[in-house]
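Q: take a look and give me a structure for this.
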Amino acid sequence: MTMAILTAITLTALPAMAKDKTVTLRVVQTSDVHGCFFPYDFINQKPLRGTLARVSTYVNDLRKTYGDHVILLDNGDILQGQPTCYYSNYVKTDLPNVAAEVINYMGYDAETFGNHDIETGHAVYDKWVKEVKCPMLGANIIDTSTGKPYVAPYTILERSGVRIAILGMLTPAIPSWLNEEIWSGLHFDDMVESTRYWMKYLKENEHPDVVIGLFHSGWDGGIVTEEYVEDATQRIAQNIPGFDLILYGHDHTQNEKVVRNIEGKDVLCLDPSSNALMVCDATIKVTIGKRKKVTKKEVTGQVVSVQDLPVDQQFVEHFQPAIDSVKAYVGRKIGEFENTIYTRDCYFGNAAFTDFIHDLQLQITGADISFNAPLSFNISIKAGPVHMSDMFNLYRFENLLYVVRMTGEEIRKHLEMSYDLWVNTMKSPDDHIMLLSDDAKDDKQRYMFKNLAFNFDSAAGIDYEVDVTKPDGEKVRILRMSNGEPFDEHKWYNVAMNSYRGNGGGELLTKGAGIPHEELKNRIIYQSERDQRHYLTEEIEKAGRMNPQAHHNWRFVPEEWTLPAIERDRKLLFPKDER
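A: Numbering: from 1, shown residues only. I've put the predicted structure just below:
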């Protein structure tokens, strides 16, 4: 448990009256749960520390003291992650979505959309919204046919005469990650402007005593375009007065911050990280005078770990049939690997893990070239039987498979940006080869890298070198096509990649290759019907037994510098690598 952050807001200087009463609210938030409902990791076949089964214990204990003054909120990205979600979203679709059942069982008071919830597609999330009993919020998710919010923009709760407004928002960067069919009929407004509008609306029409922001958007940074800012929480907290508490997520980073807004008032902002490892827990004390006017508000809060709490056994028993069904699903054998493959190898050159996916992308699509990046920092698929559970390590997300038309020059520029995000410009043989950052040591998305590793694209189908002594934009030299044919920067090629990348994710196609975002959809010449994991599973089942190997079609140079630097940085990043 971390130190509490305290902020007090005194609304008037009037002395407390004898008949003043104080209402105490406890506000608990989860965010980015990613399917961690049950105390079992279906992917790695072991107990799970982060789980809503422990959160349930925490909330139930609070309810014994505070009753319905406990307000339970979730901030999205609940439909994707553990195989539980995939099974419910795409395999066992005739039953209510298990995420909806969990929300209902735990008695959540409101829920926002996350970007990974949108990623599941209309058929899944529209069904989920209907099954969830609490209000689904998203003030800036606009139905283009009506011009109004697709779901409720806010909800009003009343507790002992106190009116609490909860305003929900989703990061508007969806078009940079997901193909339009997934969010057809929707538009995502800028969060700052949408918040400004709805705050004014709430004050004029609802007259709440307490206003809580529930934002699936990180603190600051991310993708910034003329149309939107991905992570806008800090901007809202500073520039839009009226919030007593802001609960946010999306960036998977535990944070407790107090921001002074433009009116000089402090706003408490909390982010519980991800995977149900922690919750945000805020206490709001509202003092009401004899004229039923709020005279004082005190807001305190912290991020609390629930990892060491006992699981709620009644919760587990209630969902035991679902747990058993998912265990049977992930336990199915689909093939065998003759050797172990590791994502940790992907950062330092050709790797069997990356190249295995490259091979299947090229095999499935018939493309000329493949782009692919490691989606997990440090996992492996062991030699021997491969089960369905392993497929969630092999391919973490439910991306589609695309083929995109690109010129040779665009391919090189795409790779230039990838490696500029990935590797350092070495000035001496003693420098790091990886582009690392001291402030990322505890970042669960970046680890020690300066940038996000799922944007570290390598390529198959071409032979090339990456000269780490060259400046940014000049590191990649493409030698030839891997089939021996010349590579031509003026020629058009078919490039296989996942839909995240093909829609502009990571900005490698836009900022890197220089393709305008609005042109991307015209470049897509193939789009798979099902998610990429589905097709990878099919290929392994067809082959039965596979022997993934690295291709050695690219390398870091000059090797007299890079090879020792790779060994140093490998030990730094993976000190327990015993191979």
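
Q: who touches His318 in this structure?
A: When contacts are counted by Cβ atoms under 8 Å, 6 or more residues apart in numbering, His318 touches Tyr105. Any C-beta I mention is one placed from the backbone N, CA and C, and that applies to glycine too.

Q: how close does it sit to Val102?
A: Per Cβ to Cβ, to the nearest Å, His318 is found 10 Å from Val102.

Q: secondary structure class for Met426?
A: coil (DSSP: H, G, I helix; E, B strand; the rest coil).

Q: wait, it touches Glu560, no?
A: No - counting by Cβ atoms under 8 Å, Met426 does not reach Glu560; the two are 11.3 Å apart.

Q: which one's more surrounded, those two?
A: Per other Cβ atoms under 10 Å, whichever of Met426 and Glu560 has more neighbours is Met426, with 19 against 8.

Q: separation between the more buried one and Thr469?
A: From Met426 to Thr469 the distance is 5 Å (Cβ to Cβ).

Q: overlap in contacts, the two.
A: In contact with both Met426 and Thr469: Trp561, using Cβ under 8 Å, 6+ apart.

Q: now the helices for the stretch 451-579 of the chain?
A: 499-502, 520-523, 532-543, 559-573 (DSSP state H, counting those that start in this stretch).

Q: low-confidence stretches in the stretch 351-500 of the chain?
A: 440-445 (pLDDT under 70).

Q: for it, what spans make up the strands?
A: 369-372, 380-381, 384-387, 401-407, 458-460, 462-467, 476-481, 492-498 (DSSP state E, counting those that start in this stretch).

Q: which of these sits closest to Leu73?
A: strand 492-498 (31.6 Å; Cβ to Cβ).

Q: what about stretch 81-88, distance to the chain center?
A: 15 Å (Cα atoms, centre = their mean, to the nearest Å).

Q: what's it in contact with?
A: In contact with stretch 81-88 (Cβ under 8 Å, 6+ apart) are residues 33-38, 41-43, 78-80, 95, 97-99, 116, 275, 322, 325-326, 329-330, 388-389, 392, 398, 533.

Q: tally of neighbours for Arg480?
A: Using other Cβ under 10 Å, Arg480 has 13 neighbouring residues.

Q: tell me who's in contact with it.
A: Here Arg480 is in contact with Ile462, Asp463, Pro486, Phe487 (Cβ under 8 Å, 6+ apart).

Q: bridge partners for it, pull those for me.
A: Asp463 (DSSP bridges).

Q: now it: how far from Pro486?
A: Taking Cβ to Cβ, one finds Arg480 at 6 Å from Pro486.

Q: I figured Asn89 hits Val124, correct?
A: Yes - counting by Cβ under 8 Å, Asn89 does reach Val124; the two are 4.7 Å apart.

Q: need the overlap of contacts for the two.
A: Counting by Cβ under 8 Å, 6+ apart, the residues touching both Asn89 and Val124 are Leu79, Asn97.

Q: from Phe215, how far out is the residue nearest the centre of the chain?
A: With distances taken as Cα atoms, centre = their mean, His250 lies nearest the centre of the chain, 5.5 Å away. Distance, His250 to Phe215, by Cβ to Cβ: 8 Å.

Q: on that earlier part again, could I get the helices of the stretch 451-579 of the chain as a markdown table with distance to Asn451?
A: Formatted as a markdown table, these follow (distance: least, Cβ to Cβ, whole Å):
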| stretch | distance to Asn451 |
| --- | --- |
| helix 499-502 | 15 |
| helix 520-523 | 21 |
| helix 532-543 | 23 |
| helix 559-573 | 14 |
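
Q: who wins for proximity to Asp345 among these?
A: Nearest to Asp345, of all those, is helix 559-573, at 9.0 Å by Cβ to Cβ.

Q: average pLDDT across that closest one?
A: Here helix 559-573 scores 96 as its mean pLDDT.

Q: buried sites along it?
A: Residues of helix 559-573 classed as buried by neighbour count (16 or more other Cβ atoms under 10 Å): Trp561, Thr562, Ala565, Ile566, Asp569, Arg570, Leu573.

Q: ok, residues contacting that helix?
A: Residues contacting helix 559-573 (Cβ under 8 Å, 6+ apart): 344, 347-349, 426, 429, 431-434, 436, 447-448, 468-469, 555-556, 577.

Q: repeat for stretch 453-461
A: Contact with stretch 453-461 is made by 346-347, 350, 354-355, 358-359, 361-362, 367-375, 377, 411, 414-415, 418-419, 421-422, 446-447, 481-482, 497, 501, 505-506, 508, 551, 553-554, as judged by Cβ under 8 Å, 6+ apart.

Q: what sits closest to Trp554 if chain neighbours are left out?
A: Tyr464 (4.8 Å; Cβ to Cβ, 6 or more residues apart in numbering).

Q: right, and that neighbour touches Leu415 too?
A: Yes - Tyr464 lies in contact with Leu415 (Cβ under 8 Å); the separation is 7.3 Å.

Q: shared neighbours of these two, which are they?
A: Common contacts of Tyr464 and Leu415 (Cβ under 8 Å, 6+ apart): Val476, Ile478.

Q: shared neighbours of His250 and Phe215, anything?
A: Asn75.

Q: residue contacts, the residue lying closest to Asn494 once chain neighbours are set aside?
A: Nearest residue to Asn494, sequence neighbours excluded (Cβ to Cβ, 6+ apart): Ala367, at 4.4 Å. Contacts for Ala367 (Cβ under 8 Å, 6+ apart) come out as Gln361, Val403, Gly461, Tyr493, Asn494, Val495, Ala496, Tyr526.

Q: what's the first-to-last distance across stretch 375-391?
A: End-to-end distance of stretch 375-391: 12 Å, with Cα to Cα, to the nearest Å as the criterion.

Q: surely Lys382 touches Asn339?
A: No - assessed by Cβ under 8 Å, Lys382 is found out of contact with Asn339, at 9.2 Å.

Q: gap between the nearest residue to Arg63 once chain neighbours are set aside and Gly50?
A: In space, and not counting its chain neighbours, Arg63 is closest to Val70: 5.1 Å by Cβ to Cβ, 6+ apart. Using Cβ to Cβ, Val70 is found at 21 Å from Gly50.

Q: next: Ile103.
A: To Gly50, Ile103 is 17 Å away according to Cβ to Cβ.

Q: cool, Ser217 as well?
A: In terms of Cβ to Cβ, Ser217 sits 21 Å off from Gly50.
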